[in-house]
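Peer 1: Below is the sequence, then the predicted model.
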Amino acid sequence: EFSTMAMNRVQFQPGLSMTEFFDRFGSESQCAQALERARWPNGFPCPRCAGAAHCVLRGGTFKVFQCDACRHQTSLIAGTVFQGTKLALSVWFLAIYLISQAKTGLSALALKRHLGVSYPTAWLMHHKLMLAMAAREDRYVLCGDVQVDDAYLGGERTGGKAGRGSENKVPFVAAVSLTDAGHPLRVKLNPVPGFTLNAIADWARSHLAPGSTVSSDGLACFSAVTQAGCSHEAIIVGGRKPKDVPEFLWVNTVLGNLKTSFK
């Protein structure tokens with residue numbers, strides 16, 4: 001059970017409205033310019049010789065950059081999630097916007113309807129974008145003040161065990177890093193083999209920056225974050241409900257919204 005206020009602080013945070021999105025990325029040229037700036041914020045460098053001098057070849061669907069030194073050619077979309085596409089970048093950008101803005105996920109079928117493409121095309125776009133988003137998240141580690149909690153996600157099979165012993169529930173670590181002002185910065189939701197010292201130590205080495213300060217509700221296994229060079233602060237919850245523990249507001253809000261999205 002989570003308070004409406006706690007959930008609304010995440011759900012109603014400022015974001016990019018659809019009007020603002022189309023103002024910034026509504027045309028093909030705007031999307032191409034945005035992609036070029038994102039790929040090469042300091043100017044195009046040749047991937048073969050690192051030369052900066054180049055010319056731009058036009059005539060095709062996407063810009064092609066040709067190095068003046070070695071004559072190597074690089075397409076604007078080469079090496080990106082858009083490589084090989086026949087769709088306009090504006091369609092891809094809209095797909096990214098729709099997927100990223102959906103609070104409870106967006107299916108390939110819904111993407112098909114929004115974009116006006118075939119289902120196989122929508123499925124492939126959805127698959128590529130979700131893989132790219134997952135790979136990007138894996139590169140980040142949490143740092144600074146981090147709230148952690150244990151969670152079990154899934155349901156019970158008919159006739160199976162209920163609760164934490166259920167064969168159909170997966171143990172997860174939920175973690176939220178905070179800004180200096182105490183606002184959520186990044187979230188990690190990672191499955192673990194179990195809530196053991198070894199499992200949490202391995203998780204911490206992969207997902208936490210050394211020197212982080214980790215707060216937990218005192219579950220013994222979370223003390224293992226010290227093996228990854230982090231400090232650990234155990235906050236005793238006692239008989240209080242999660243919504244009554246201000247120290248874990250954000251990690252509890254994340255878990256509350258996640259479980260709501262599964263209903």
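Peer 2: Now that the structure is in, tell me what you want to look at.
Peer 1: Report the contact partners of the closest residue to Ala53 other than its chain neighbours.
Peer 2: Distances taken as Cβ to Cβ, 6 or more residues apart in numbering place Asp68 nearest to Ala53, at 4.0 Å, with adjacent residues excluded. In this view, the C-beta of every residue, glycine as well, is placed from N, C-alpha and C. Asp68 makes contact with 51, 53-55, according to Cβ atoms under 8 Å, 6 or more residues apart in numbering.
Peer 1: again with Glu36
Peer 2: By Cβ under 8 Å, 6+ apart, the contact set of Glu36 is 44, 63, 76.
Peer 1: what pLDDT does the residue nearest to the second one when sequence neighbours are not counted get?
Peer 2: For Lys63, the nearest residue in space outside its immediate sequence neighbours is Leu76; the separation is 4.4 Å by Cβ to Cβ, 6+ apart. Reading off the per-residue confidence, Leu76 sits at a pLDDT of 96.
Peer 1: likewise Lys112?
Peer 2: With respect to pLDDT, Lys112 scores 97.
Peer 1: how many other residues sit next to it?
Peer 2: By other Cβ atoms under 10 Å, 18 other residues sit near Lys112.
Peer 1: Kindly confirm my reading that it is in a strand.
Peer 2: No. Counting by DSSP: H, G, I helix; E, B strand; the rest coil, Lys112 is not found in a strand; it is helix.
Peer 1: Give me the nearest residue to it, chain neighbours excluded.
Peer 2: Once flanking residues are discounted, Lys112 sits nearest to Ala122: 3.7 Å by Cβ to Cβ, 6+ apart.
Peer 1: need the contact list for that neighbour.
Peer 2: By Cβ under 8 Å, 6+ apart, the neighbours of Ala122 are 108-109, 111-112, 115.
Peer 1: Ala174 too?
Peer 2: Each residue near Ala174 by Cβ under 8 Å, 6+ apart is listed here: 148-151, 187-189, 251, 254-255, 258.
Peer 1: Could you check the pLDDT of it?
Peer 2: Note for Ala174: predicted pLDDT of 91.
Peer 1: measure it to Ser223 for me?
Peer 2: From Ala174 across to Ser223, the span is 17 Å (Cβ to Cβ, to the nearest Å).
Peer 1: again with Gly194
Peer 2: Distance of Gly194 to Ser223, computed by Cβ to Cβ: 15 Å.
Peer 1: Ok, Thr74 next?
Peer 2: 50 Å.
Peer 1: tell me which element the residue lying closest to Lys86 once chain neighbours are set aside falls in.
Peer 2: Using Cβ to Cβ, 6+ apart and skipping residues adjacent in sequence, the residue nearest Lys86 is Thr61, 8.0 Å away. Here Thr61, judged by DSSP states H and E, is contained in no helix and no strand.
Peer 1: Kindly report the same for the one 10 residues further on.
Peer 2: Under the criterion DSSP H and E, no helix or strand holds Arg71.
Peer 1: Distance check, it against Gly105.
Peer 2: 45 Å.
Peer 1: follow-up on the earlier one: who has more neighbours out of Gly194 and Ser223?
Peer 2: Per other Cβ under 10 Å, whichever of Gly194 and Ser223 has more neighbours is Ser223, with 16 against 10.
Peer 1: now the helix or strand hosting Cys55: mean pLDDT?
Peer 2: Using DSSP H and E, Cys55 maps to strand 54-57. Rounded to a whole number, the mean pLDDT of strand 54-57 is 95.
Peer 1: in its sheet, what does that strand sit against?
Peer 2: Strand 54-57 has the following strand partners under DSSP bridges: strand 64-67 (antiparallel).
Peer 1: That'll do, ta.
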